[in-house]
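**Student:** Below are the sequence and a predicted model for it; my questions follow.
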Amino acid sequence: MRYISTRGEASELTFEEATLAGLARDGGLYVPKSWPTLDKQNIQDLSHLSYADVAVKVLAPFVAGSLSTDELAEFCKSAYATFDTPDVAPLRQIGSNDWVLELFHGPTLAFKDVAMQFLARLIDQLLARRGKRVTIVGATSGDTGAAAVKAFAGLPSVDVFMLHPKGRVSDVQRCQMTTVLDRNIHNIAVEGTFDDCQTIVKKLFQDLEFRDQYALSGVNSINWARVVAQAVYYFTAATALGGPQQAVAFSVPTGNFGDIYAGYIARQMGLPLARLMIATNVNDILVRTLESGRYELHKVMATQSPSMDIQIASNFERLLFDVLDRDPDRIRGLMSDLSSKGRFELDTDALERIRALFAAGRCSEEQTRATIKTVYRESKYIVDPHTAVGINVARDLRNRGDIDDTIPLVSLSTAHPAKFPDAIEQAIGVRPALPDHMSDLLEREERCAVLPNDAGEVARFVASQATAAGANA
Ligand SMILES: *Cc1c(COP(=O)(O)O)cnc(C)c1O
């Protein structure tokens with residue numbers, strides 16, 4: 001499979017190259033040159049397979065030419081063996097034709113593990129092949145950093161420098177990062193905000209000499225390998241609920257449009273979907289876009305579902321590329337409007353194409369609390385605030401008749417409630433406990449550098465600890 005950039009000016013790459021590149025050099029995102037498909041019988045047959053085996057069937061056409069099926073099978077098997085249940089992504093019923101897909105059974109209790117466990121093994125292997133090392137530098141508000149630190153710990157080809165805002169991530173999120181003591185993992189608490197951390201990371205990447213010397217690389221959610229790995233659980237969930245004969249609807253708590261775009265990948269591959277519901281908190285740029293056709297940046301507000309407190313839904317560009325007939329000139333036009341005016345407009349045709357598959361809804365802070373409460377009262381089941389946003393929007397759209405009662409409705413549960421204990425306690429007066437195997441997390445030894453909000457200081461720290469420069473020379 002070959003990959004092309006949504007902006008049309010970067011060269012075509014293999015899967016291997018696209019994985020290591022992340023963002024395309026023209027600022028675009030890589031997408032497959034054509035959509036591989038599975039026929040009805042192929043999809044039907046998935047229902048008898050383990051999660052790791054479904055992953056092999058779904059991912060094989062995307063990695064063709066870069067990985068052998070045996071290599072792919074090995075990565076999938078070892079990545080998903082780190083989950084605390086053999087199902088990996090179990091379904092749980094919370095109402096009539098109303099389901100939750102639990103994606104939080106990985107090592108750091110959020111769905112980011114599903115892709116990151118796969119990506120880390122993949123990147124390490126691709127680098128070993130080339131005899132290269134990279135230095136991964138990233139900023140996190142919590143979940144992505146925890147998943148990355150855990151997944152890359154101890155891998156020989158990679159050093160990870162993960163910046164988080166000091167005192168502004170939850171205790172659980174901090175300890176998931178700082179108690180990983182492997183020598184290739186470097187946590188940095190920056191005396192500043194998440195935005196400050198991101199600004200520092202951007203500055204390091206913009207210093208091209210530094211970037212090349214230390215072979216800087218990123219693992220944010222625009223990486224194609226990360227997004228495609230998430231398409232797998234749409235297949236396992238749908239086939240468990242009667243697919244492909246029965247079309248299934250999914251509600252997805254959305255920030256950067258990565259997780260829900262993975263559902264679109266599954267649809268493009270041939271999985272019948274009744275609806276993909278974009279569920280946002282009050283940071284609702286995508287809901288407004290589906291309502292009005294205008295994609296317009298507003299100020300970010302802090303909510304109980306912080307992993308969705310995002311302005312720019314980067315992966316949306318991948319969907320736009322398809323609805324604009326894969327015309328990179330039109331994408332470049334929209335993106336230049338976005339950077340010059342803070343907004344762009346979609347024409348009616350593009351908007352109708354999006355609405356044919358996607359619906360969207362927002363959930364207020366009050367509704368998030370109310371949903372946590374209602375689900376707990378109805379099912380004695382505790383959902384995290386991100387999951388609550390998805391359930392609220394799903395039920396609302398069903399009540400409005402957007403999808404009928406005969407269609408199985410699956411809400412993606414993106415985090416374990418113990419990751420956000422304060423919000424849960426506020427809603428139902430119960431403080432959810434961590435799973436047994438990490439009940440001592442907050443007492444474990446921590447290692448973390450504290451640095452001022454200063455790109456120069458961070459650069460000096462990276463230079464003093466990174467091993468890539470010598471190794472690649
Ligand atoms: C990252 C995250 C999301 C949002 O996922 P996107 O792929 O950015 O849309 C939702 N919930 C949780 C718990 C997350 O960590």
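**Tutor:** Perfect, I can see it now.

**Student:** And the nearest residue to L334 once chain neighbours are set aside, how close does it get to L23?
**Tutor:** Excluding the flanking residues, the one nearest L334 by CB to CB, 6 or more residues apart in numbering is F344, at 4.2 Å. In this view, the C-beta of every residue, glycine as well, is placed from N, C-alpha and C. Distance of F344 to L23, given as CB to CB, to the nearest Å: 19 Å.

**Student:** S413 now?
**Tutor:** Plainly put, S413 is 29 Å away from L23 if you go by CB to CB.

**Student:** Pick out whichever of those two has more residues nearby.
**Tutor:** More crowded of S413 and L23, by other CB atoms under 10 Å: S413, with 30 against 17.

**Student:** what's the closest non-adjacent residue to that one?
**Tutor:** Leaving aside its chain neighbours, S413 sits nearest to T387 (4.2 Å; criterion: CB to CB, 6+ apart).

**Student:** I'd say the one you found and S411 touch.
**Tutor:** Yes: when contacts are counted by CB atoms under 8 Å, T387 is listed as touching S411 (6.6 Å).

**Student:** Overlap in contacts, those two.
**Tutor:** V100 (CB atoms under 8 Å, 6 or more residues apart in numbering).

**Student:** Next, the contact list for whatever residue of the stretch 1-150 of the chain ends up closest to the ligand, please.
**Tutor:** Residue of the stretch 1-150 of the chain nearest the ligand, by CB to the nearest ligand atom: D143 (3.5 Å). Applying CB under 8 Å, 6+ apart, we find D143 in contact with T108, A110, K112, Q173, S307, A415, K419.

**Student:** most neighbours, which of those residues?
**Tutor:** With neighbours defined as other CB under 10 Å, the most crowded of the contacts of D143 is K112; it has 31 neighbours.

**Student:** mind listing what it touches?
**Tutor:** Neighbouring residues of K112 by CB under 8 Å, 6+ apart: G106, D143, T144, A146, A147, A148.

**Student:** got the phi/psi numbers for the spatially closest residue to A433 that is not a sequence neighbour?
**Tutor:** Excluding its sequence neighbours, the residue lying closest to A433 (CB to CB, 6+ apart) is A418, at 6.1 Å. Note on A418: its backbone torsions stand at phi -70, psi -10 [degrees, to the nearest 10].

**Student:** didn't A418 look like it was pressed against T108?
**Tutor:** No: taking CB under 8 Å as the definition, A418 is not a contact partner of T108, at 11.3 Å.

**Student:** Which of the contacts of D143 fall within strands?
**Tutor:** Among the contacts of D143, no member is found in strands (DSSP state E).

**Student:** tell me, which of the residues you listed make contact with the ligand?
**Tutor:** A110, K112, S307, A415 (CB under 6 Å from any ligand atom).

**Student:** residues in contact with the last one?
**Tutor:** Applying CB under 8 Å, 6+ apart, we find A415 in contact with F104, L109, A110, F111, D143, S307, D384, H386, T387.

**Student:** Tell me the confidence at the second one?
**Tutor:** pLDDT for L109: 96.

**Student:** Can you report how many residues lie near it?
**Tutor:** 28.

**Student:** Quick one: residues contacting the nearest residue to it once chain neighbours are set aside.
**Tutor:** Using CB to CB, 6+ apart and skipping the chain neighbours, the partner closest in space to L109 is H416 (3.8 Å). Listed by CB under 8 Å, 6+ apart, the contact partners of H416 are F104, L109, A110, D384, P432, P435.

**Student:** Name the residues of the stretch 1-150 of the chain found near the ligand, please.
**Tutor:** Residues of the stretch 1-150 of the chain that fall close to the ligand, judged by CB under 6 Å from any ligand atom: A110, K112, D143.

**Student:** Return the member of those nearest to E12.
**Tutor:** E12 has its nearest neighbour among these in K112, at 28.7 Å by CB to CB.

**Student:** count of residues packed around the residue lying closest to that closest one once chain neighbours are set aside?
**Tutor:** The shortest distance from K112 to any non-neighbouring residue, by CB to CB, 6+ apart, is to A147 (3.7 Å). Residues near A147, counting by other CB under 10 Å, number 28.

**Student:** would you say A147 is within a helix?
**Tutor:** Yes: judged by DSSP: H, G, I helix; E, B strand; the rest coil, A147 forms part of a helix.

**Student:** Pretty sure it sits against D113.
**Tutor:** Yes: A147 lies in contact with D113 (CB under 8 Å); the separation is 5.0 Å.

**Student:** Mind listing the shared neighbours of those two?
**Tutor:** Between them, A147 and D113 share these contacting residues under CB under 8 Å, 6+ apart: G106, P107.

**Student:** re the thing from before, from the contacts of A415, which ones fall inside helices?
**Tutor:** D143, H386, T387 (DSSP state H).

**Student:** State the distance from the residue nearest to A433 to the ligand.
**Tutor:** Per CB to the nearest ligand atom, to the nearest Å, A418 is found 12 Å from the ligand.

**Student:** Enumerate every residue touching that residue.
**Tutor:** Contacts for A418 (CB under 8 Å, 6+ apart) come out as L109, V172, P432, A433, L434, P435.

**Student:** quick one: the second one and the ligand, what's the gap?
**Tutor:** Pointing back at V172 there. V172 is 12 Å from the ligand, by CB to the nearest ligand atom.

**Student:** quick one: contacts for that residue?
**Tutor:** Each residue near V172 by CB under 8 Å, 6+ apart is listed here: L109, A418, K419, P421, L434, L441, L442.

**Student:** for the third one, what are its contacts?
**Tutor:** Taking CB under 8 Å, 6+ apart, we find K419 in contact with F104, L109, A110, D143, S170, V172, Q173, D384.

**Student:** One more pass at 7 Å, please.
**Tutor:** Taking CB atoms under 7 Å, 6 or more residues apart in numbering, we find K419 in contact with L109, A110, V172, Q173, D384.
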